[in-house]
Structures are given as C-alpha cells and as structure tokens.
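Trainee: Below are the sequence and a predicted model; questions follow.
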Amino acid sequence: MTTLDVAVDRRAVAMTGRGRSPASAAWRRLVASPAARAGLIMVAAFVLVALVTPVVHLYDARTDANLTSRLRPPTAAHPFGTDSLGRDILVRVVHATRVSLGLAISAVAVATVIGSALGFLAGYLRGRVDLVVMFCMDIVLAFPATLLAIAIVAMIGPGLRNSLFAISLVSIPAYARLSRSSVLELREQEFVLAARGLGCSGWRVLAGHIVPNSLPPLIVQTTLSIAFAILEAAALGFLGLGAQPPTPEWGAMLADSYKYFTSGAWWVFCFPGAAIMLSVLGFNLLGDGLRDALDPRLGQG
C-alpha cells in the first residue's frame, strides 16, 4: 500500500468519525456495555408486556375468582400458581405490569416537566425567583420521600390518581435542582455568551442553547427515577393506599400474600416480588448505562 493510499484511508476514517452524530455515538457506547444491554432488554420486555397484554388478553378483575382452586402451586395450567381467591397469579402479574409501570412512568413524566421547568427558570432568572423556587424545593426535600408520599395519599385518600400526584410531588425537587445546576454551569459558557452577543433574546438562548445541552443528565435522572417510582407505587399499594382491590398491582398483590409466607405458599408473594425486583433492576442498569453513554468525556481519547 502506497503512502497516498494510507493518507486516503486515514482521511476516510476521520470523515466517518466526524460524520457520526452524538446520538449515534451514545447509542454505540450504550449497546457496548453488557449491563446496559441487559437493562435495556429487561425494560423493553416489561414495556412490551404492559402494552400488549390488554390487547391480547381481556381481563375483568371483578369476576376473577375460583375458591375451589385457591392456593394451588405452580402447574402447567397455572404456571405461577393461584392466590387465596383462586386467581391465576401469572394473569394478575402481567396485567399489574400495565398498572404499576404506567403509574411510575406517568408520575416521573409529570415530575420531569414541572421540576425541569422550575429549575430552568430559577437558574436563568436568578434573584427572587431562584430564592423562592429553591426554598420550596428544600422544604420538600426536608422530608423522607416515601414517608411524605404516604402522608399525602393518607390525607387526600387512596387511589391511583392520588398516588400519581404524591409520587410526582416528591420527585420534583430532584429535577429542579439538577436542571438549575445545569443552567448555572452553562449560562457562562462561551457559546451562550456568543449567542447573547449576536443579539439573541434571553428566552431564545434558554430554549435554543441551554435547555438542549441540559438534557443528558435529565434523561439519566428520568430513567433512574422510574425505578424509584416503581418502589414508591409498590409501597403505597402494599399499605393499601395505591390501587384498590380488585385491581391488580404488584404492591397490593404483596399485601394480599405476605400472610402466607409461613404457610409454604411461596409462589403467592414470590412472583409479584420478582416483578418489582426485575423492573427496578432493569431501569437502574439502563440508567447507569445511559449515564456512561451520554458522558461526553467518554468519547475523548
């Protein structure tokens, strides 16, 4: 191979590297991690179950009971066994996926939008706006998140809608503080100062330059917060403050089955608990993988 050929190959490689978008590079780093791939597969499986199950299998929890088949161990007819009312645990676990996962994702989505907006405004406007917003966030953070969510639902009443409100409220401060710190770091960067020097308005600088560059840490926080929200929803359901019977929900299923822990009916609480554990593990692994993939310093060198 001649010197000219080597130079052409190097130029082609350099052009390929420059042509790769940041999103493509982040995706390559994400799928290159075995832990991130495992988390992605687990999350995709749970989301697929939540979306497909109501379509392919109709289920009415109000009429699902068969006392002649109560507390049957796992068999070919009932792979996860039956509960104290003779209900198929596999059916209830897969239908509870839509309830538990939908509650967690919805609560995190609300918290992300509200918390990020408050943080962006506080960090960019500073002054009294920053003082008031962060003071309110500090008040919420002064209480343990789980206890505060329980107290809120206990005051306004049990149910999925109130659980969503409580989980969203206790999750807002994390996004507010994270987005505010991103704004404080980015507002003095050269590209922001250059945009101001070219005559861009403050809101245009915020929406066009600061917000897009603040998204990576918010994406990671969102993924990890879904795992936290699943645990919060399960805790509220376990205490009878979340989904109300007979609606299938992982935490409520554990509440109905823990009394059989010493009677040998291990399958009643094992499979709902495994669903909670695997979903939380999947979102945590995916969040850790996204944190590494979206870190621009990993692309250097």
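Mentor: Yes, it's here. Numbers count the residues shown, from 1 in each chain.
Trainee: ok, and the closest non-adjacent residue to G81?
Mentor: W267 (3.8 Å; Cβ to Cβ, 6 or more residues apart in numbering). For glycine as for every other residue, the C-beta is placed from the backbone atoms N, C-alpha and C.
Trainee: And S225, by the same measure?
Mentor: That would be V108: by Cβ to Cβ, 6+ apart, it lies 4.8 Å from S225.
Trainee: on contacts alone, who are the packing partners of the host helix or strand of the one you found?
Mentor: Secondary structure from DSSP states H and E places V108 in helix 89-125. When contacts are defined as 3 or more Cβ pairs under 8 Å, 6 or more residues apart in numbering; DSSP states H and E, helix 89-125 packs onto helix 34-56, helix 127-141, helix 160-186, helix 211-238, helix 250-257, helix 267-293.
Trainee: tell me the mean pLDDT for the fourth one?
Mentor: It refers to helix 211-238. When pLDDT is averaged along helix 211-238, the result is 92.
Trainee: Check which helices and strands it sits against.
Mentor: Going by 3+ Cβ pairs under 8 Å, 6+ apart, helix 211-238 lies up against helix 89-125, helix 145-156, helix 160-186, helix 250-257, helix 267-293.
Trainee: Can you list the buried residues in the first one?
Mentor: To tie it back to what came earlier, the one meant is helix 89-125. 89-101, 103-112, 114-116, 118-124 (16 or more other Cβ atoms under 10 Å).
Trainee: The last one now?
Mentor: For helix 267-293, the buried set under the neighbour-count rule, 16+ other Cβ under 10 Å, comprises 267-273, 275-276, 279-280, 282-293.
Trainee: number of nearby residues for the residue lying closest to D88 once chain neighbours are set aside?
Mentor: Excluding the flanking residues, the one nearest D88 by Cβ to Cβ, 6+ apart is H78, at 5.2 Å. Using other Cβ atoms under 10 Å, H78 is surrounded by 19 other residues.
Trainee: Next: D138.
Mentor: For D138, the number of neighbouring residues by other Cβ under 10 Å comes to 11.
Trainee: Skipping adjacent residues, who's closest to it in space?
Mentor: Once flanking residues are discounted, D138 sits nearest to P173: 7.8 Å by Cβ to Cβ, 6+ apart.
Trainee: Repeat that for I152.
Mentor: A166 (4.0 Å).
Trainee: cool, A61 as well?
Mentor: Once flanking residues are discounted, A61 sits nearest to P246: 4.0 Å by Cβ to Cβ, 6+ apart.
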